[in-house]
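My questions are about this predicted structure, shown below with the sequence.
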Amino acid sequence: MAIVRSEGKRCKYSGLLGCDSVWGCFVCAGRILAGYARDLNVLVEHHGFARTLLGSFTTRHYRDDDLGWLRKRQSQCFTDLLGGKGWGLVRKRFGIVGVVRAIDVTFGKASGFHAHLHPLFLLTHSHDGKAGRRELADINAQLFERWRSIVRRRMGEKYVPNADHGVLLKPCYRADYLVKMGVSLEVTGAFSKTAKNGNCSMLEVAIRAVDGDERFREVFRSYARGMKGAKFLTWSKGAKQVLEEVKHDGDEEALSEETLVATIPDETWRLVRGIPGARVELLEAGEDRGTEGVIKRIELWLGVEHAVRAGPALRPLRKIDRVLTLDFAAVGASASEIASRT
C-alpha cells in the first residue's frame, strides 16, 4: 500500500483492501462520503448558496416497519414528486434547475427505523430577503401538499406525515451537511451526527452491537439488509449539468494530480495498523515532512528494518465485493475470510 498526496492537500492511503460499502462499513464510508462532500460543496459554491435550498422529506413510520420496504417506498414517492405535469409547474414557477437527494436513517427503540430524504434544490434565483422568504414558504407549502398526496397513494393513509414533519425547506449554507445524514462517522473524525429525539445514529447502533447488545446486533443486521443496493446520492439531470459546468471551469478538486509520498510493505503495514493512533499519525507525518517523516515515524515504532521507500508506481485498489454487513461473529477474522462467507 502507499501514502499519496494531492498538490497542496492532505495525505491519504491508497491501495488498501476495501469493500466500498457506504452503509455497512464505516471505514470505507469515511472515504466515500468525503468525496461526496467535496463534490457537493463545489457544486453549491459554484451555483451559489443563496440559490440553493436544503430539504427534508419524511413519512410516518412504525416499530414493525421493514426498512427495505420503507426506504424504497419513500424513494418511489420522491421520484413521483419530481415527475408529471404537477412537478413541471412547480419547477417553472420557482425556477428549480436541479435536485440532489441523499438518504438518512436513524433508529428509535419505540418507533423503529426512521428513514427520510434530504434533497438539495438548485434554483435560478436567490431566496434572500423578504420576498425570498415568502417564496420559500410558498415552495414548502406546495411541495408538502404534493408530497402528502403521493405518500397517501403509494404507502397508505397511516404513513401520511403531518405539517410539522412532512416537508421542511431551509437555506443551505453547507452542502456537506448532506453527507452527514446516512452514516455517523465520529470514528473518522471527518463527520459526526447525533440523532435527535432519543434516536440512535447507525454508528451508535454498531457500537452497542460490538459491545455485546444482542438487540442492537439484530438492528444493525436489519439495517444492512434493508439498505443493500440503495444509492446514497441521486442526481437529477439538471444537477449533473451544473456539476459539469464546475468541471469545465476547472474548479473540481478531484482533477488535481496525486503524488506518491511513500510505499509501505505489507508486512510493515500489518504491524503499523495494530499500533493505537498510528494510522492517523503516519498521515500527519507525511503531511509535515513528506517521505522522510513517514520513514522516521516507522523507524521509531518498528526499527530500521521496516524503513519504507518511495516507489514509482502504485498498485491498483483491491476490493471485496458483496461485503455489506458487519460480521460480529467473525471479529478478528481476516477480510478474505469474511468475504468468503458472504
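Yes, it's here.

Every contact and neighbour count from this point should use C-alpha atoms.
Will do.

which residue ranges form the helices in the stretch 201-342 of the chain?
202-210, 214-227, 237-249, 266-272, 278-302, 335-341 (DSSP state H, counting those that start in this stretch).

name the helices or strands packed onto the fifth one?
In terms of contacts (3 or more CA pairs under 8 Å, 6 or more residues apart in numbering; DSSP states H and E), helix 278-302 is packed against strand 11-14, strand 258-263, helix 266-272.

Would you confirm that Leu136 contacts Leu169?
Yes - with contact defined as CA atoms under 8 Å, Leu136 counts as touching Leu169 (7.3 Å).

ok, longest helix in this protein?
Longest helix in the chain, counting residues (DSSP state H): helix 129-155.

In it, which of the residues would be classed as buried?
136, 139-141, 143-144, 147-152, 154-155 (16 or more other CA atoms under 10 Å).

With mean neighbour count as extra columns, can I get the helices and strands packed on helix 278-302 in a markdown table?
Shown next, in a markdown table, are those (neighbours: other CA atoms under 10 Å):
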| stretch | mean neighbour count |
| --- | --- |
| strand 11-14 | 20 |
| strand 258-263 | 21 |
| helix 266-272 | 14 |
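
Let's have those in a markdown table, adding distance to Glu287 and mean pLDDT.
Listed next are the helices and strands packed on helix 278-302 as a markdown table, based on distance: least, CA to CA, whole Å; pLDDT from 0 to 100:
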| stretch | distance to Glu287 | mean pLDDT |
| --- | --- | --- |
| strand 11-14 | 6 | 87 |
| strand 258-263 | 9 | 89 |
| helix 266-272 | 18 | 90 |
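
Just put these in CSV and tack on distance to Leu81.
Listed next are these as CSV, based on distance: least, CA to CA, whole Å:
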stretch, distance to Leu81
strand 11-14, 40
strand 258-263, 41
helix 266-272, 49
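
Show me the one of these that comes nearest Ser222.
With CA to CA, the closest approach to Ser222 among the helices and strands packed on helix 278-302 belongs to strand 11-14: 31.1 Å.

quick one, which of the helices and strands packed on helix 278-302 is nearest to Arg225?
strand 11-14 (28.7 Å).

And the following helix or strand past that closest one, what's buried?
Once strand 11-14 ends, the next helix or strand along the chain (criterion: DSSP states H and E) is helix 26-47. Within helix 26-47, the residues that count as buried by 16+ other CA under 10 Å are 26-31, 33-34, 36-45, 47.

Next, count neighbours for the closest residue to Lys296 other than its chain neighbours.
Residue nearest to Lys296 in three dimensions, not counting chain neighbours: Ala307, with 7.9 Å by CA to CA, 6 or more residues apart in numbering. Using other CA atoms under 10 Å, Ala307 has 19 other residues around it.

I figured Ala307 was touching Glu299, is that so?
Yes - using CA under 8 Å, Ala307 is in contact with Glu299, at 5.9 Å.

Low-confidence stretches in the stretch 151-300 of the chain?
174-198, 248-256 (pLDDT under 70).

Could you export the helices of the stretch 201-342 of the chain as TSV, including distance to Phe113?
Listed next are the helices of the stretch 201-342 of the chain as TSV, based on distance: least, CA to CA, whole Å:
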stretch	distance to Phe113
helix 202-210	10
helix 214-227	8
helix 237-249	29
helix 266-272	37
helix 278-302	33
helix 335-341	27
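
Pick the most buried one from the ones you listed.
Counting by mean count of other CA atoms under 10 Å, helix 202-210 has the highest mean neighbour count of the helices of the stretch 201-342 of the chain, with a mean of 20.

Which secondary structure elements does that helix sit against?
strand 96-108, helix 214-227.

swap the cut-off to 10 Å and go again
Judged by 3 or more CA pairs under 10 Å, 6 or more residues apart in numbering; DSSP states H and E, the packing partners of helix 202-210 are helix 26-47, strand 96-108, helix 214-227.

mind giving me the domain ranges of the chain?
22-254, 260-341 (automatic domain parsing).

Of the ones you listed, which is nearest Ile3?
When these are compared by CA to CA, domain 260-341 sits nearest Ile3, at 5.3 Å.

Who does Gly55 form a beta bridge with?
Leu169 (DSSP bridges).

any idea how far Thr263 is from Ser56?
Distance from Ser56 to Thr263, counting by CA to CA, to the nearest Å: 44 Å.

Now Asp66, what are its backbone angles?
Main-chain dihedrals, Asp66, degrees, to the nearest 10: phi -80, psi 130.

if we can go back for a sec, which one of the domains of the chain lies nearest to Ser14?
Nearest of the domains of the chain (CA to CA): domain 260-341, 6.9 Å.

Please list all residues in contact with the closest residue to Glu157 other than its chain neighbours.
Nearest non-adjacent residue to Glu157, counting by CA to CA, 6+ apart: Val151, 7.8 Å away. Counting by CA atoms under 10 Å, 6 or more residues apart in numbering, Val151 makes contact with 58-60, 73-74, 76-78, 80-81, 157-161.
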